[in-house]
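Asks: Kindly return the folded structure for what I paste below:
(4 chains)
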Number of protein chains: 4
Amino acid sequence: MTDDTTSAAPHPPHGYTADKDAYLKRMRRIEGQVRGIARMIEDDVYCIDVLTQVSAVTKALQAVSIGLVEDHLGHCVVNAARSSEAEGAAKVKEAADAVARLVRS
Amino acid sequence: MTDDTTSAAPHPPHGYTADKDAYLKRMRRIEGQVRGIARMIEDDVYCIDVLTQVSAVTKALQAVSIGLVEDHLGHCVVNAARSSEAEGAAKVKEAADAVARLVRS
Amino acid sequence: MTDDTTSAAPHPPHGYTADKDAYLKRMRRIEGQVRGIARMIEDDVYCIDVLTQVSAVTKALQAVSIGLVEDHLGHCVVNAARSSEAEGAAKVKEAADAVARLVRS
Amino acid sequence: MTDDTTSAAPHPPHGYTADKDAYLKRMRRIEGQVRGIARMIEDDVYCIDVLTQVSAVTKALQAVSIGLVEDHLGHCVVNAARSSEAEGAAKVKEAADAVARLVRS
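Replies: All right, here's what the predicted structure looks like:
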């Protein structure tokens, strides 16, 4: 009986599984924007214009984070809460820590 | 006598009820810090020192927010999730919107 | 000859001096908002409504910070830059550190 | 044929020119991290671990922004301040607006 999955194991479905394709599309767009910023620096574009673009990418990443938090609360946290008090409390602590990292980033 | 208060009614217990005194103490300290910044401006303290203090108060407020989010998830969201799927989903949406406001503030 | 002022001494005019009254008014309004949050907690207002108000105060404080940074750049940094290369560089470093604290708060 | 390029034209040197290679290296690393997040989503990695990584990339982008602001203040703003009062004021306004976008992102 080798069940060595941890609670955080990479096994679907996770909160974001239903929207996986949409998230992948957003990440590819963000990757393109990051490459675009490198090109702006390469081409000696004016500092302020580079900064504006960096702020735009930061905002796009935060929007992804907010989506992931919502999906996580709606699936993993809700399911844990229904499963048992202890599991609910553990998932809540973990989610709150992730929100704290997000707010401070 | 039907008491049809809404779910958002100002009736305890809420997520923060158990820590109410601690939250009140933190808010009074923050109020004192805000008054201190006004006094710094009044006394013509150097801009950078005022800015440092404003950043400290912003951080203190964000720490309060993070605590409130954790308490809210651990009580209101968990209870709603146990109560019914619809109530859980509604509370998750509401909590995610609050996190979004927090991240963007 | 006892002139023991430091470079950061509380001597006007600073960047914000011209707008001092406006800043004091904003800080008093923020102080009132902070007191209002304490009252909400005292009155057991719903967590999410408290959180919304904390986000509003955080935003108001950040707006004050942004104003102080602009005033500081426009006076202290510009004057230092005109005075000498070394003074300009020192004020720029100090301002950039303040911006970093602001972004991370 | 008078070439009256604007002050914001993509002509070096800008504030970041001296550190161009270092900035390009940082952007390439960030690009790799963004691609890594896409791979985590592809591989169904646990939501919280994805979120942690998104927060790390957001922090890395903000560090780039803070560096660009410092370089911009130290070169473009200082030079403008030395050139004339009007140019200094214009660059300060522009820099403060960029800081505001940064703080709000």
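Asks: State the helix or strand in which the residue nearest the centre of chain A lies.
Replies: Nearest to the geometric centre of chain A sits residue A:65, at 3.7 Å (C-alpha atoms, centre = their mean). Per DSSP states H and E, residue A:65 falls inside helix A:47-72.
Asks: on contacts alone, who are the packing partners of the helix or strand following that helix?
Replies: Remark: after helix A:47-72, the chain's next helix or strand is helix A:78-83, criterion DSSP H and E. The contact analysis (3 or more C-beta pairs under 8 Å, 6 or more residues apart in numbering or on different chains; DSSP states H and E) places helix A:78-83 against helix A:85-104, helix B:78-83, helix B:85-104. Placement of C-beta: from N, CA and C, glycine included.
Asks: what about those helices, which gets the closest to residue A:45?
Replies: Ranking the helices and strands packed on helix A:78-83 by proximity to residue A:45 (C-beta to C-beta) places helix B:85-104 first, at 26.8 Å.
Asks: What is the burial count for residue A:33?
Replies: For residue A:33, the neighbour count with other C-beta atoms under 10 Å in any protein chain shown is 17.
Asks: What helix or strand is it located in?
Replies: Using DSSP H and E, residue A:33 falls within helix A:20-42.
Asks: quick check, that helix touching chain B?
Replies: No - if you take C-beta under 8 Å from any C-beta of the partner chain as the test, helix A:20-42 misses chain B, and the best it gets is 15.4 Å.
Asks: would you turn the helices and strands packed on helix A:78-83 into JSON lines with mean neighbour count, distance to residue D:89 and mean pLDDT?
Replies: Below are these laid out as JSON lines (neighbours: other C-beta atoms under 10 Å in any protein chain shown; distance: least, C-beta to C-beta, whole Å; pLDDT from 0 to 100):
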{"stretch": "helix A:85-104", "mean neighbour count": "19", "distance to residue D:89": "34", "mean pLDDT": "95"}
{"stretch": "helix B:78-83", "mean neighbour count": "19", "distance to residue D:89": "54", "mean pLDDT": "95"}
{"stretch": "helix B:85-104", "mean neighbour count": "19", "distance to residue D:89": "30", "mean pLDDT": "95"}
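Asks: Could I get the ones you listed in CSV, plus columns for distance to residue D:15?
Replies: Formatted as CSV, the helices and strands packed on helix A:78-83 follow (distance: least, C-beta to C-beta, whole Å):
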stretch, distance to residue D:15
helix A:85-104, 27
helix B:78-83, 50
helix B:85-104, 28
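Asks: Look up how far residue D:48 lies from residue A:14.
Replies: Distance of residue A:14 to residue D:48, computed by C-beta to C-beta, to the nearest Å: 9 Å.
Asks: Would you mind listing the residues touching both of the two?
Replies: residue A:72 (C-beta atoms under 8 Å, 6 or more residues apart in numbering or on different chains).
Asks: sorry, back to before: distance between the helix holding residue A:65 and the chain's centre?
Replies: On the basis of C-alpha atoms, centre = their mean, to the nearest Å, helix A:47-72 sits 11 Å off its chain's mean C-alpha point.
Asks: quick check: angle from it to helix C:85-104?
Replies: Between helix A:47-72 and helix C:85-104, the angle comes out at 20 degrees (axes from the mean of the first three to the mean of the last three C-alpha atoms, to 10 degrees).
Asks: now check helix A:47-72, is it near chain B?
Replies: Yes - judged by C-beta under 8 Å from any C-beta, helix A:47-72 comes into contact with chain B through A:62, A:65-66, A:69-70.
Asks: Report the buried residues of that helix.
Replies: Residues of helix A:47-72 classed as buried by neighbour count (16 or more other C-beta atoms under 10 Å in any protein chain shown): A:47-48, A:50-58, A:60-62, A:64-72.
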